[in-house]
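Q: Sequence and predicted structure, then a few things I'm wondering about:
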Amino acid sequence: MGETDEPKWHVVDKSKNNNKIEKMANKSNMNKKTKRGIRREGKCKENVLKKYCQLNVQGLITTNQPQEKVEILRDLMNEERPLFLALTETWLYEHKEAEVHIEDYTIYRKDRPLRREIGRRGRHVGGVALYIDSSWLPDSKEILGYSNSVVDVLAIYSRRENILIAVLYRQPERKESEEYRSTYKDFVEPLQKLEEAIAKYSNPETEIQILGDFNMPKADWDLGKHKEGADS
């Protein structure tokens, strides 16, 4: 691990990439080309974690697509067999586990609290989830689930694998006139809670993966700096 006793960190910011998921998933013909597009959009990586995927799914279940995206993910995971799949913008709210079940995987969710009536498009907002290979159980557990209605964060720790996985979604910054704004200040408490969870459950050999859609495209994660306003 090197000369330090610090855990190994990996940060993946989905907002750095062009989002093609919504356009592909909204097509009525869920063909092989669509599935290949979703595979390209996913963050899949071979390393000490073997393989993982990350997607901004923009509605895992909606009125217009009650099961199509779940079926696409099921096919993807049966073929790729990732150890875990991180999802942002799940838009789930009071959905039953059976509706999002994928065989051989356990889902952990942090749905965003309902802050307004679900719109005509049949969608909620926000939310994050992690599908974890069920072979990790029973040594995996949720160590953090938090939402402040503009930032959602979920963290899982596997003692057997000594891996800590966190997925975070922050909605884009809004105009001052809008009721639910998202600014860099909204990041403070969720990041503090995540830091506390990491400090409590990690050790110098822990593999730490932080994935998400931070909507901070100009943040410099290597230097740990960003301009005030988060979106700038």
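A: Ah, there it is.
Q: Now K69: which helix or strand?
A: Applying DSSP states H and E as the criterion places K69 in helix 68-80.
Q: SS state for S182?
A: Three-state call for S182 (DSSP: H, G, I helix; E, B strand; the rest coil): coil.
Q: Kindly provide the distance from K185 to M216.
A: 13 Å (C-beta to C-beta, to the nearest Å). Yep, even glycine has a C-beta here, placed from its N, CA and C like the rest.
Q: What ranges in the protein fall below the confidence cut-off?
A: By pLDDT under 70, the weakly predicted segments of the chain are 1-50, 114-124, 174-181, 224, 226-232.
Q: Now do the contacts for Y146.
A: Going by C-beta atoms under 8 Å, 6 or more residues apart in numbering, Y146 touches K110, D152, V153, L154, E189, P190, K193.
Q: One more pass at 6 Å, please.
A: V153, P190, K193 (C-beta atoms under 6 Å, 6 or more residues apart in numbering).
Q: Buried residues, the helix or strand that contains it. List them.
A: Assigned by DSSP H and E, Y146 belongs to strand 140-147. By neighbour count with 16 or more other C-beta atoms under 10 Å, strand 140-147 contains the buried residues S140, I143, L144, G145, Y146, S147.
Q: L144 reaches A155, doesn't it?
A: Yes. L144 is within contact range of A155, at 3.9 Å (criterion: C-beta atoms under 6 Å).
Q: Next, show the common contact partners of those two.
A: By C-beta under 6 Å, 6+ apart, L144 and A155 have these common neighbours: A197.
Q: what are the ranges of the helices in the protein?
A: 21-25, 32-41, 68-80, 188-201 (DSSP state H).
Q: ranges for the strands of the protein?
A: Along the chain, the segments classed as strands by DSSP state E run 8-13, 52-56, 84-88, 105-110, 128-133, 140-147, 151-158, 163-170, 207-213.
Q: Could you dump those into a markdown table with distance to T63 added?
A: A markdown table is the format used below for the strands of the chain (distance: least, C-beta to C-beta, whole Å):
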| stretch | distance to T63 |
| --- | --- |
| strand 8-13 | 30 |
| strand 52-56 | 19 |
| strand 84-88 | 19 |
| strand 105-110 | 19 |
| strand 128-133 | 19 |
| strand 140-147 | 23 |
| strand 151-158 | 21 |
| strand 163-170 | 21 |
| strand 207-213 | 23 |
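Q: Let me know which of those is tucked in deepest.
A: strand 84-88 (a mean of 28; mean count of other C-beta atoms under 10 Å).
Q: Other residues contacting that strand?
A: With contacts defined as C-beta under 6 Å, 6+ apart, strand 84-88 is touched by 52-57, 128-132, 167, 169, 211-213.
Q: for those residues, which one is nearest N203?
A: Checking the contacts of strand 84-88 against N203 with C-beta to C-beta, the nearest one is I132 at 19.8 Å.
Q: Please report how far that closest one lies from K69.
A: In this structure, I132 and K69 are 19 Å apart, going by C-beta to C-beta.
Q: go on, V128?
A: Separation of V128 from K69 (C-beta to C-beta) stands at 15 Å.
Q: With G126 instead?
A: Counting by C-beta to C-beta, the gap from G126 to K69 is 16 Å.
Q: The strands of the chain: which one's closest to R74?
A: Nearest of these to R74, taken as C-beta to C-beta: strand 105-110 at 9.2 Å.
Q: partner strands of the closest one, parallel or antiparallel?
A: Its sheet considered, strand 105-110 pairs with strand 128-133 (antiparallel) by DSSP bridges.
Q: Can you name the residues in contact with the partner strand?
A: Here strand 128-133 makes contact (C-beta under 6 Å, 6+ apart) with 83-88, 90, 105-110, 140, 152, 154, 156, 167, 169.
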